[in-house]
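What follows is a predicted protein model with its sequence.
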Amino acid sequence: MRVLFVYPDIGGVEHYGARKYYHGIGYIAAVLKRAGHTASLLYLMQEPEREAFLAQVRAQAPAVVAFSATTHQYPAVEQCAAWLKEAMPEVFLIAGGTHPTLAPEMVARSPALDALCVGEGELPLLELVERLEQGKDVSGIENLWVRRPDGWRRNPLRPLIQSLDELPFADREIFDFDAILAANAGWVDMMAGRGCPYRCSYCCNPGLQERYRGLGRYVRYRSVENILAETEALAERYPVRVLNFQDDTFTLDRKWTLAFCEAYAARFRFPFWINTRVERILDDEELVRALARAGCAGVRIGLESGNEHMRREVLKRGMTNEEIRRAFRLLRRYGLKVYTCNMLGLPGETPEMIEETIALNRELAPDDLQFSVFYPYPMTELYDRVVREGLLKGERTLWGYYSPESVLELPTLTPAQLAEKYRRFERLKAELHLRRRHPWRYRLRRVALAMLGGDEERLQGVLDFVRGRKRGKIRGQLKGILPKLWTFLCIMIHIGGMWEISAI
Ligand code: B12
Ligand code: SF4
């Protein structure tokens, strides 16, 4: 049977600079293909346009269209499903991924979808496709909510896949992986496992842990051997330069991590990057040394806020600033790069608290950082809080995620203050970039800033003035030169003309 996946990633290319690979679709496609089905992909990079979208779907002639969506991208799914249901009612429409898993009730409001998938999709989608092919009833498939004439049938969840090694390697071809790799400088995304045991209030993991309670271990790892076999297969087929592990917390299982490092170092030379938490490397010199020796080039760490109260009480992340500093020192001692993830516009946050986040980052001087305006995702503690406190501005479209705007009305932070702090983060990012690339220019900037009493706005004003003067000067010089240049050209043309006449 032919299945067409639709992956909306609107605004993603502008934000990340390239198309990205997604394991959720990759794994399901691999399972379908292994069972002899055909799977293809429509990667939506821009807001879809009806006729073009329908033409692309028709060209694939699918029996099933399978949408995947995070919360931000869901409006595109709703729109495309509506067009499809109207124009091609014979095609079965299903949506899965983070948003349908977190907010199935919201997704079930779509009048166009025939089914939605809560949780892991490999086995439910395979079962759906096989049943459709055999003309069997599909309404009782575990993990699926299926539309029936009398309403939705909400089937229970099946147990989590306990042995991830049983899955085939995620399918790369469906994403045109050669092109993705070329656009991402040879960085290959990998997943070593699934699930995170922490309970951060802004993250969907605690909600998912509850949803899956009693259905098997939530945090699972692939065997080291299985990951190395995939790495080998990838390296044989593609020009791999860096492995990019996207697991939420790579070093959760210390014994597993040490075993991975040892085995990896013996077979591969590619550098790799991981995500982890301060607590999972803190004061653990043996672990950090092992990571460094295995080729771990860098670590991404969530600071989220520089204010300890905010971090501990609101975000439910226990580490102190001192522990963060110690973790940084340890990572640096072993030559690992560090990248921080930060949020701003949190409930209860004041401009001063954001300044603390900026100051902590400036002090730690990560090799790079990421920052985003807090967005409340369904099925998280902070989502419930902002709804309870009436902070949500109302149903807003989510296209503009990558922007300095908030969907919240915060009594402690005005939109203008948030926008100003967002700009400060942009400047901090540029500053860290300058520090890495041009240490001398960075030092000069620091001296200039100190002379202006640390007032960044003034420094920016001075820089703009100097740049403006420079531009003005060039323009002035051009103004002086242009008439002379014109006279010179006229004389040359005249002489050229005389020369031609005399030649005749
Ligand atoms: C890799 C990753 C990315 C990649 C790839 C994008 C993507 N779609 O995941 C990139 C870097 C592009 C990215 C960007 C963003 N991400 Co991101 N990302 C992740 C991460 C770390 C891993 C995703 C993954 O590959 N998981 C492994 C696969 C196997 O699991 P899975 O995604 O759950 O897929 C299974 C099921 O959901 C289901 N399924 C999925 N699709 C479908 C489709 C059908 C038809 C069916 C039946 C089933 C099904 O089956 C899959 C296999 O079992 C997750 C966190 C996490 N651990 O999941 C965050 C996560 C998905 N990202 C998140 C966010 C917020 C973002 C960004 C908005 C912001 C940012 N951080 O830059 C952007 C938005 C991009 C977008 N296009 O929507 C949030 C989403 C929250 C939400 N409610 O939507 C998450 C959950 C992080 C978190 N804990 O909060 N992200
Ligand atoms: S550590 Fe990261 S992935 Fe785990 S619960 Fe917290 S935010 Fe979510």
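Cool, the structure landed. Ligands and ions are numbered 1, 2, ... in the order given.

surely Thr249 meets Ile281?
No - at 10.1 Å, Thr249 and Ile281 do not qualify as touching, with contact defined as Cβ atoms under 8 Å. Quick note: C-beta positions are derived from backbone N, CA and C, even for glycine.

More neighbours: which of the two?
Ranked by neighbour count (other Cβ atoms under 10 Å), Thr249 and Ile281 place Ile281 first, with 24 against 20.

Hmm, Ala327 and that one touching each other?
Yes - the criterion here is Cβ under 8 Å, and Ile281 meets it with Ala327 at 5.8 Å.

Get me the contact residues on the stretch 201-350 of the chain for ligand 1.
Cys203, Cys204, Asn205, Gln246, Asp248 (Cβ under 6 Å from any ligand atom).

which residues touch the closest residue to Met319 other than its chain neighbours?
Once flanking residues are discounted, Met319 sits nearest to Val278: 4.4 Å by Cβ to Cβ, 6 or more residues apart in numbering. Val278 makes contact with Ile301, Met319, Glu323, Ile324, Ala327, according to Cβ atoms under 8 Å, 6 or more residues apart in numbering.

What distance do you get for Val278 to ligand 2?
Counting by Cβ to the nearest ligand atom, to the nearest Å, the gap from Val278 to ligand 2 is 10 Å.

Show the subsequent helix or strand relative to the helix or strand containing Leu181.
Following DSSP states H and E, one finds Leu181 within helix 177-183. Once the chain leaves helix 177-183, the next helix or strand it forms, by DSSP H and E, is strand 187-190.

What are the contacting residues of that following strand?
By Cβ under 8 Å, 6+ apart, strand 187-190 touches 20-21, 23, 181, 227, 230-231, 234, 238, 240-246, 272.

can you tell me which of the contacts of Val278 are up against ligand 2?
When Cβ under 6 Å from any ligand atom is applied, no member of the contacts of Val278 is adjacent to ligand 2.

which of the residues you listed count as buried?
In these, burial by neighbour count holds for Ile301, Met319, Ile324, Ala327, counting by 16 or more other Cβ atoms under 10 Å.

In this model Ile301 seems to touch the last one, though I could be wrong.
Meaning Ala327. Yes - between Ala327 and Ile301 there is a contact under Cβ under 8 Å: 7.2 Å.

Contact partners for the single nearest residue of the stretch 1-150 of the chain relative to ligand 2?
Residue nearest to ligand 2 within the stretch 1-150 of the chain: Thr98 (12.2 Å; Cβ to the nearest ligand atom). By Cβ under 8 Å, 6+ apart, Thr98 lies in contact with Ala69, Thr70, Thr71, Cys204.

Which of these are buried? Put it as a PyMOL command.
Selection of buried members from these for PyMOL, criterion 16+ other Cβ under 10 Å:
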select buried, resi 69+70+71+204
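
so which of the contacts of Thr98 would you say is closest to Cys117?
Nearest to Cys117 among those is Ala69, at 10.9 Å by Cβ to Cβ.

sorry, back to before: how about the buried ones among the contacts of Val278, which pair is most distant?
By the measure Cβ to Cβ, Ile301 and Met319 form the most distant pair in the buried ones among the contacts of Val278, at 9.6 Å.

Can you tell me which helices and strands whichever strand or helix holds Trp152 packs against?
Using DSSP H and E, Trp152 falls within strand 151-154. Other helices and strands packing on strand 151-154, by 3 or more Cβ pairs under 8 Å, 6 or more residues apart in numbering; DSSP states H and E, are strand 144-148.
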